[in-house]
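S.K.: give me coordinates for this.
(chains A and B)
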Amino acid sequence: MENMIYLDIERCAGCGACVTACMDQNDIYPEKGQPAFRMIYQVEDGQYPAANIRYVSMACLHCEDSPCIIACPTGAITKDQKTKAVTVNRDLCIGCHSCALACPFGVPRYDLEDKMQKCNLCAERVEFGLQPACVKVCPFQALRFEPINKIQDEKQLRFVVKAVSTIPTNKSA
Amino acid sequence: MMDTQKLLKGKIACPETGIEIRKSICAICDPGPLCGLDLYVKDEKIIKVEGSEKHPSNLGTLCVKGASLRQYIYHEDRIKTPLKRVGARGSDKFESISWDEALNTIVDKFNAIKKENGPESVVFFSGFTKYFRPYLKRLAHSFGSPNYLTESSTCYQAMAMAQTLVFGTPSGPDLMNTRCLLIWTANPFHSGHSNARAVLKGKERGMKLIVVDPRKTPTAAIADIHLQLRPGTDGALALSMANVIINENLYDKDFVASYTYGFDEYREYVQAFTPEKGEELTGVPADEIRAAARMYASIKPAAIMPSASPVVHHTNGVQNYRAAFSLAGLTGNYDIKGGNLVVPTSFIHSPGRIPTREHEFTQSRLWSDMPPRIGADRFPVWMDIVDEEGQSMQLPFQIRSGKPYPIRGLIGFGLNYRMWPDSKGFLDSLGKLDFFVNVDPFMTDTCKHADIVLPACTTVERSELRCYGMGYIIFTKPSIKPLYDSRPDVDIIYDLASRLGLNDPLFKAGYEASIDWILEPSGITVSELKKHPEGMFVPNPMKIPEKKYLNGGFKTPSGKLEFKSTVLEKYKEKPGFESLPVYMPPRHSREATPDLANEYPIILNTGSRLPMFIHTRTFRLSWTKSLRPNHPSADINPKDAAILGIKQNDAIRIATPKDSITLKANLTQMVQPGVVHVFHGHPEADVNLLFDGDYLDPVSGYPGFKSALCKVEKA
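M.R.: Numbering: from 1, shown residues only, chains lettered A, B, ... in the order given. Next comes the predicted model:
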């Protein structure tokens, strides 16, 4: 099973290191109208003194069965077989926004020339054996790049340890 | 095998791309984590920045600011050459001059002032960064001036002062071993990620976490108890916790009986601060105060994590923090494993686990052989406790009054006039100087008022010595040559020392020889350090024993941990200098000034960190700016906003009796109702304009940046 980018919401502090590391890696300059591949959202609910604030770092999910690929009329969007990254060929993009309609997660963004831009999973880094820039930089290991089932194993173990700790033990034995 | 185009696109360091990795550190925040860097260099240009895996401070990661370092290094606002002002001050009319002309002009001016008024009339100031501070302090004193000043006049020193008044020395939390961490207002997730990782690790091993913070930060969000107090009421909260700990017999009676001074009076004083009274004064529910007090006092070991500014940026800051640190005295958590450990600093406020001669190096002339430092007459406790420098909050007053002696010349390294309360007043004071030099990588608004501006290079273009608490040390190697005609600050300092004709053997010996001299007791040399451009663990890290007070007592005048300060007792006739940690509300508050509060009903709280900015250092970068697109903006609770008819991103005016600023509204539950929070230093909405220059803690001289009164309205 291939590695996936996974966000542990419990550890994300919304610092934005993933966003600027992505911009550094991919030469994205907002002042030139280039959209960020990765975004930070601050989600609030409740009110003082019981307010909750949570942070989400969000980029393309590189779906296995990608609606954007199906929707693209020019074949500009493809799935890289080595890395499973969903990537866009700028030269083939006609700026029709079909991918925007198809993507349920609001991922595709458009530059000043109306070409679609999005996270490419740092496919070249991944192919070389490195982590995507956003994962590498994350100071709290909120973003990880591992097989999803391995991450789930760890999550389940954390739950099991916590659950067991609430059961009284028979110390007289 | 990947083709070269792909490798280049991925910025992969390998022979095919010609991209190589060079090592350095990031000093955008300082002396925070000082993260190790892997700089990806192609054709002598940095094309990408990453955290260095082997560096123990950051373990391959970076914060948002460090990850933006490339834009910082190559920003178009970099000063290209030395400049001489040819227009009016502030007019931004400069012409390029040579380094020779610039430095010789400075030397002629400073030597003339020295001859006419004495060396004390020249001030040597350090803002950020801090690597050059030891050499700048020595320059000031070797020149003969006591007036080495720094931005620590608003950061760190007052926190250390509060601890020194109680314990005799500063301490820090033993994060790796504590079982209960009381974070007294810090948000390391946005200000120092290595500490945040330690907090997360602690949580994983079952450590309890109490966070005192007026704001709902990511740190507060993971706390077992978040004490969300009103800004500036820390003292009342701490005294109320002490009330619970004492009256419920949760304090360490042996420790208190054997090692403390003034307990009986302290116990008597805290009786007034019942949890219910605490709730009234702080806004924190009485039951939460009780729960936090019980948790902190009953789990051993417990540690208090302080912060450099938040608590001491109040007009009652030192007294408030004394009250908080007294809790470590009550519970015996001082200088024990897992508690508040005393670890000696090795270099630039960092504990490096090695002995050095930093103090001997920097204090090249004794204080007693120089006229009094700036602030000596107004802040006597500063002079008693702070050994490094003068109190620069007094600088504008002394420039204007000429008392006790005139100030005529000033050289700043990274001086930002917006650091001072009444920033406009400070700028006017700068205008009264005969001669002002500023050294900076960027053409800042402050530089525009200087007579001479010198271009400094950034961290990656220079060599600097740094120590780390885990016993790590680095002398960085320049990764690229200084850009344009810029130079490292230390080059400028050593060149000035030479041209000033100072008879100082270490300045004559040079920068690296000076470092060898400083490090001599450790046995580490520059030539050894140069073999490890990524840094190295020190060979024999100093063992840090617990309970050092068992040998020779506490370093206070009484030799004991002082609930009642014998230092403050000397000045007890001065308001605010009470020897017990007496709680007074902030000077401008509903409790202290109800009439003012009727007209200005909202608490103005400023300067808490946003993750993407530290002071003004990353304001220029489009990457960091993109994360707060509505900057400058004020955080306001949606409830207050609704009452005031304010919607997200509306222009609002924040006014105090002093002045007003206009900026955008950012509606968030991060701030509590009744409080508005503004990040500091923004050129278009400089919140320090709203403070009086003497809105200061009388003990430390620190500005009350974190609680004043204001009104907010739609602009």
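
S.K.: how close does the residue nearest to the spatial centre of chain A sit to residue B:523?
M.R.: Nearest to the geometric centre of chain A sits residue A:59, at 4.1 Å (Cα atoms, centre = their mean). Distance, residue A:59 to residue B:523, by Cβ to Cβ, to the nearest Å: 49 Å. Every C-beta, even on glycine, is put in place using the N, C-alpha and C of the backbone.

S.K.: near the closest residue to chain B within chain A, how many other residues are there?
M.R.: Among all residues of chain A, residue A:124 sits closest to chain B, at 2.7 Å; criterion: Cβ to the nearest Cβ. If you count neighbours by other Cβ atoms under 10 Å in any protein chain shown, residue A:124 ends up with 22.

S.K.: hang on, it in a helix?
M.R.: Yes. Applying DSSP: H, G, I helix; E, B strand; the rest coil, one finds residue A:124 inside a helix.

S.K.: mind listing what it touches?
M.R.: By Cβ atoms under 8 Å, 6 or more residues apart in numbering or on different chains, the residues touching residue A:124 are B:2, B:6-7, B:9-10, B:12.

S.K.: just the buried members of those residues?
M.R.: For those, burial is judged from neighbour counts taken by 16 or more other Cβ atoms under 10 Å in any protein chain shown, and it is met by B:6-7, B:9-10, B:12.

S.K.: just curious, which of those is nearest to chain A?
M.R.: For these, the residue nearest chain A by Cβ to the nearest Cβ is residue B:10; the value is 2.7 Å.

S.K.: contacting residues around the closest one?
M.R.: Per Cβ under 8 Å, 6+ apart, neighbours of residue B:10: A:122-125, A:127-128, A:130.

S.K.: got the phi/psi numbers for it?
M.R.: Main-chain torsions, residue B:10, degrees, to the nearest 10: phi -80, psi 0.

S.K.: for residue B:3, see how far away it is.
M.R.: To residue B:3, residue B:10 is 11 Å away according to Cβ to Cβ.

S.K.: again, but for residue B:79
M.R.: 41 Å.

S.K.: looking at those two, which one has more neighbours?
M.R.: Counted by other Cβ under 10 Å, residue B:79 and residue B:3 do not tie: residue B:79 has more neighbours, with 25 against 9.

S.K.: please flag which of the buried ones among the contacts of residue A:124 sit within helices.
M.R.: In helices, defined here by DSSP state H, the members of the buried ones among the contacts of residue A:124 are B:6-7, B:9.

S.K.: for whichever residue of the stretch 451-600 of chain B sits closest to chain A, what are phi and psi?
M.R.: As assessed by Cβ to the nearest Cβ, chain A sits closest to residue B:460 within the stretch 451-600 of chain B, at 13.9 Å. Dihedral pair for residue B:460: phi -70, psi -10, per degrees, to the nearest 10.

S.K.: same thing with residue B:549?
M.R.: Dihedral angles for residue B:549 - degrees, to the nearest 10 - are phi -70, psi -20.

S.K.: so it sits against residue B:259, correct?
M.R.: Yes. The pair residue B:549 and residue B:259 passes the contact test of Cβ atoms under 8 Å, sitting 6.4 Å apart.

S.K.: the helix with the most length in chain A packs against which elements?
M.R.: Counting by DSSP H, the longest helix found in chain A is helix A:148-165. Based on contacts counted as 3 or more Cβ pairs under 8 Å, 6 or more residues apart in numbering or on different chains; DSSP states H and E, the elements that helix A:148-165 packs against are strand A:3-7.

S.K.: not counting its neighbours along the chain, what's nearest residue B:512?
M.R.: Excluding the flanking residues, the one nearest residue B:512 by Cβ to Cβ, 6 or more residues apart in numbering or on different chains is residue B:526, at 4.6 Å.

S.K.: for residue B:194, same thing?
M.R.: Counting by Cβ to Cβ, 6+ apart, residue B:194 lies nearest to residue B:33, which is 4.4 Å off, once chain neighbours are set aside.

S.K.: what about that neighbour, is that helix, strand or coil?
M.R.: coil.

S.K.: can you check residue A:40 too?
M.R.: The assignment at residue A:40 comes out as strand when based on three-state DSSP.

S.K.: residues contacting it?
M.R.: By Cβ under 8 Å, 6+ apart, residue A:40 lies in contact with A:14-16, A:18-19, A:55-58, B:627.

S.K.: please apply the same query to residue B:413.
M.R.: By Cβ under 8 Å, 6+ apart, residue B:413 lies in contact with B:125-127, B:132, B:136, B:438-440, B:456, B:489.

S.K.: quick one: it and residue B:369, what's the gap?
M.R.: Between residue B:413 and residue B:369 the distance is 24 Å, computed by Cβ to Cβ.

S.K.: then residue B:153?
M.R.: Taken as Cβ to Cβ, the span from residue B:153 to residue B:369 is 23 Å.

S.K.: ok, residue A:112 next?
M.R.: To residue B:369, residue A:112 is 64 Å away according to Cβ to Cβ.

S.K.: again, but for residue A:148
M.R.: 69 Å.

S.K.: neighbour count: those two, which is higher?
M.R.: Taking neighbours as other Cβ under 10 Å, residue A:148 and residue B:369 compare with residue A:148 leading, 14 against 9.

S.K.: please parse chain B into its domains.
M.R.: Here the domain parsing of chain B from automatic domain parsing is B:4-73, B:83-153+B:353-456+B:487-506, B:157-344+B:554-569, B:594-714.

S.K.: distance to residue A:143 and mean pLDDT added to these, as JSON lines?
M.R.: As requested, the domains of chain B are exported to JSON lines (distance: least, Cβ to Cβ, whole Å; pLDDT from 0 to 100):
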{"stretch": "domain B:4-73", "distance to residue A:143": "10", "mean pLDDT": "96"}
{"stretch": "domain B:83-153+B:353-456+B:487-506", "distance to residue A:143": "29", "mean pLDDT": "97"}
{"stretch": "domain B:157-344+B:554-569", "distance to residue A:143": "14", "mean pLDDT": "97"}
{"stretch": "domain B:594-714", "distance to residue A:143": "15", "mean pLDDT": "97"}
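
S.K.: now distance to residue A:70 too, for the ones you listed, in JSON lines please.
M.R.: What follows is the domains of chain B, written out as JSON lines (distance: least, Cβ to Cβ, whole Å):
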{"stretch": "domain B:4-73", "distance to residue A:70": "26"}
{"stretch": "domain B:83-153+B:353-456+B:487-506", "distance to residue A:70": "49"}
{"stretch": "domain B:157-344+B:554-569", "distance to residue A:70": "38"}
{"stretch": "domain B:594-714", "distance to residue A:70": "31"}
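
S.K.: any weak-confidence spans in chain A?
M.R.: A:1, A:170-173 (pLDDT under 70).

S.K.: any chance you could map the helices in it?
M.R.: Counting by DSSP H, the helices of chain A are A:17-26, A:67-71, A:98-102, A:123-128, A:133-137, A:148-165.
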